[in-house]
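>>> model this:
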Amino acid sequence: MGGMVVLGSELAATACASTNLKSIFKSSRASSPQSSVVSCGRGKVIASDTATTVETSSGRVRGYERNGVYVFKGLPYGASTSGALRFMPPERPEPWTGIRNTLSYGRVCPLQGSVHFNTDGRNLANGDEDAFLLHRGPAVTVPGEDCLRVNIWTPEINGSHKRPVLVYMHGGGFTGGSGHDLLSYDGESLARNHDVVLVNHNHRLNVYGYLNLEAIGGETFAKSANVGMLDIVAVLEWVQTHIASFGGDPDNVTIFGQSGGGGKVAALMAMPAAKGLFHRAIIQSGPFLRALSPDYSGRVAELLIAELGLSNSQVRDLQKISVDRLSAAAAEAIKKASTPSTSLHPRYGESDWGPTVDGKILPHHPFDPEALAISANVPLITGTNLNESVNGLDHPGINSMTVNEMTRLVRESYHGDTEAIIAAYRREYPRANPFGLYPVIEASQWRIPAFAQAARKAAVGGAPAYAYIYAWRTPVLDDRPGTFHASEISFVFDNAEICDHYSAGDPSAFVLSRQMSTAWVNIARTGNPNHDNLPHWPAYAAETRATMYFDEPCEVRYDPEGQGLKIIKQVEGE
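Modelled structure (predicted):
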């Protein structure tokens, strides 16, 4: 079943907004007086020196307008990070003269070396269903260290209105992905249908964003372990300075992200440099409780230096090495640094790339042993998908799984408590077949830390936390895929119409897409996700553990999967 793991989540491109769905879903008054869906018809596009140009502190930028939404892509928020600026905190972009085009997406951070990947597919269609349902690769991605770029969708420029601003963190862990590698990330529908400003961005990842050179290079490299997160702080600072010119309210900024993007949101909630730059937070399938230790990330740096045949005194040579050589060596270093997990299932911890608890930029773990007072006044939504990483994507015969096969797999994971775990989940999901039940049990590795985030946030006091489980199943591929990792993103962005490989044009998809996107926009607008077209969503509390199930229909459940998760936590010693 290891081959079923589908990690990562990324998105973007541009497409026409939703068709008129008023007959399916009446727009919520709680969202916005301008939030009704409009039909695009034939698209009208304007790119003009006079009509689609905005002044920034670095110079004028030209975007384009399509059917009432202004789009700016690849706009620099920082300088190139190559050469002497590699592993350094971001600097302001160099100013330009005249008008700079921002009509297409910018570069993405170089990916980790492909040395460990078997690229001989032998004509198999591995990953085809995942790529199809998530609309992967709708836009060209060009890697490069000049990757500090933002993309903006807004209903207005150079005006006086101040709209909620939603800043999205793409998935792919802290290793890969970009702000435009999934169609779901396109912000046109969200901006048009809900009268908000959507910002996403690219930033440094893997070795370029998280190489801890402080012990080797001293004060010069004291921040290198977390420059990827400092890039995102620079995004939020850019938003504070410029977003009013793009129709947004700098005093009403929501950060949200999925998978690794959710982890970035959690890290920002623990960073003093980010305090005050955002006001709400949403974590989707990113149950990031702990960051890396300096011991682990420092060991990765030592292994990288050795892999390149350098001595510690040659640390500055790392800024001169080619991208291909550095990325390949980084992949080898991560491979050698990996240590067996003490848990039966891997979670965020001492592995791969990510921010380091360095006592300065990231003084504490984000949610361990508790949530932090620094973000006590920030309302939070956190949740998971029903199946997450074990699902039916690219496994056409999976529904033939027998009860005995399911029991064997659960026993391999949880040993002697197999029957009790299965019985607890069977009571929770009585109509599920064996493969319907097994992925939900395996999703405990996501569910446990996500509920911990909600509980610990609630315990701090201040602003509330809200928990959810996304459970809608696409009818595509004979209802087999399940509710897999990243499947909710297109609905959060109100993109059920353009992401039709997943929504399949199903009326329930359009309804749920509007329900979820309105909830996300409402917490951005008011700090509360509730609206007229959704059952009342209570804040999470240890006593009730209220959790919204996003499905057809939506409903609130109290302490969902509680007994099964309790047994699993006991097995894993938590």
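>>> helices along the stretch 1-150 of the chain, start to end?
128-133 (DSSP state H, counting those that start in this stretch).
>>> report the contact partners of Leu111.
In this structure, Leu111 makes contact with 143, 175-176, 205-206, 327, judged by C-beta atoms under 8 Å, 6 or more residues apart in numbering. Bear in mind the C-beta positions are built from the backbone N, C-alpha and C, glycine included.
>>> so it versus Lys335, what's the distance?
Here the criterion is C-beta to C-beta, to the nearest Å. By it, Leu111 lies 15 Å from Lys335.
>>> in this protein, where's the longest helix?
Ranked by number of residues, the top helix in the chain under DSSP state H is helix 507-526.
>>> tell me what angle the helix or strand just after that one forms with helix 507-526.
Tracing the chain past helix 507-526, the next element assigned as helix or strand by DSSP states H and E is strand 546-550. Here the directions of strand 546-550 and helix 507-526 differ by 140 degrees (axes from the mean of the first three to the mean of the last three C-alpha atoms, to 10 degrees).
>>> for strand 546-550, packing partners?
In terms of contacts (3 or more C-beta pairs under 8 Å, 6 or more residues apart in numbering; DSSP states H and E), strand 546-550 is packed against strand 465-470, helix 507-526, strand 555-558.
>>> need the winner for burial among those.
Across these, averaging neighbours per residue (mean count of other C-beta atoms under 10 Å) puts strand 465-470 on top, at a mean of 25.
>>> which neighbours does that one have in its sheet, and in what orientation?
Sheet pairing here is set by DSSP bridges, and for strand 465-470 it gives strand 380-385 (parallel), strand 546-550 (parallel).
>>> most tightly packed of those strands?
Each of these was scored by mean neighbour count; the highest is strand 380-385, a mean of 27, by mean count of other C-beta under 10 Å.
>>> export the helix or strand following it to CSV, keeping only CA atoms.
Using DSSP H and E, the next helix or strand after strand 380-385 towards the C-terminus is helix 403-414. Extracted C-alpha coordinates of helix 403-414, given in CSV (Å, rounded to 0.1, in the frame of the first residue of the first chain):
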residue,chain,number,x,y,z
VAL,A,403,-11.9,-7.7,5.0
ASN,A,404,-8.9,-10.0,5.7
GLU,A,405,-6.6,-7.8,3.6
MET,A,406,-7.8,-4.7,5.4
THR,A,407,-7.3,-6.4,8.8
ARG,A,408,-3.7,-7.5,7.8
LEU,A,409,-2.8,-3.9,6.8
VAL,A,410,-4.2,-2.4,9.9
ARG,A,411,-2.4,-5.0,12.0
GLU,A,412,0.9,-4.2,10.3
SER,A,413,0.4,-0.6,11.4
TYR,A,414,-1.1,-1.0,14.9
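>>> leaving out sequence neighbours, find the closest residue to Val323.
Pro110 (5.0 Å; C-beta to C-beta, 6 or more residues apart in numbering).
>>> so which of the contacts of Leu111 belong to helices?
Per DSSP H, helices hold the following members of those: 206, 327.
>>> could you flag which of the contacts of Leu111 are buried?
With neighbours counted using 16 or more other C-beta atoms under 10 Å, those contain these buried positions: 175-176, 205-206, 327.
>>> what's Val207 in contact with, if anything?
Val207 sits next to 112, 304, 326-327, 330, 333, 353 when contact means C-beta under 8 Å, 6+ apart.
>>> shouldn't Gly383 be in contact with Ile469?
Yes. Look at Gly383 against Ile469 with C-beta atoms under 8 Å: they come within range, at 6.0 Å.
>>> Ala222 touches Glu214, doesn't it?
Yes. Under the criterion of C-beta under 8 Å, Ala222 lies in contact with Glu214, with a separation of 5.1 Å.
>>> neighbour count winner among the two?
Ranked by neighbour count (other C-beta atoms under 10 Å), Ala222 and Glu214 place Glu214 first, with 21 against 16.
>>> circling back to that earlier point, how far does the longest helix of the chain sit from its chain's centre?
Taking the mean of its C-alpha atoms, helix 507-526 sits 17 Å from the chain's own mean (C-alpha atoms, centre = their mean, to the nearest Å).
>>> got it, and stretch 309-318?
34 Å.
>>> going forward, count from 718.
Shifting the count to begin at 718 puts that one at stretch 1026-1035.
>>> quick check: mean pLDDT across it?
When pLDDT is averaged over stretch 1026-1035, the result is 96.
>>> can you dump the C-alpha atoms of it in CSV for me?
As requested, the backbone C-alpha atoms of stretch 1026-1035 are provided in CSV (Å, rounded to 0.1, in the frame of the first residue of the first chain):
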residue,chain,number,x,y,z
GLY,A,1026,34.1,17.7,-1.2
LEU,A,1027,34.4,21.0,0.6
SER,A,1028,35.8,21.8,4.1
ASN,A,1029,34.0,24.0,6.6
SER,A,1030,36.4,26.9,5.8
GLN,A,1031,35.0,26.8,2.2
VAL,A,1032,31.4,27.5,3.2
ARG,A,1033,31.3,30.6,1.0
ASP,A,1034,32.0,28.5,-2.0
LEU,A,1035,28.4,27.2,-1.6
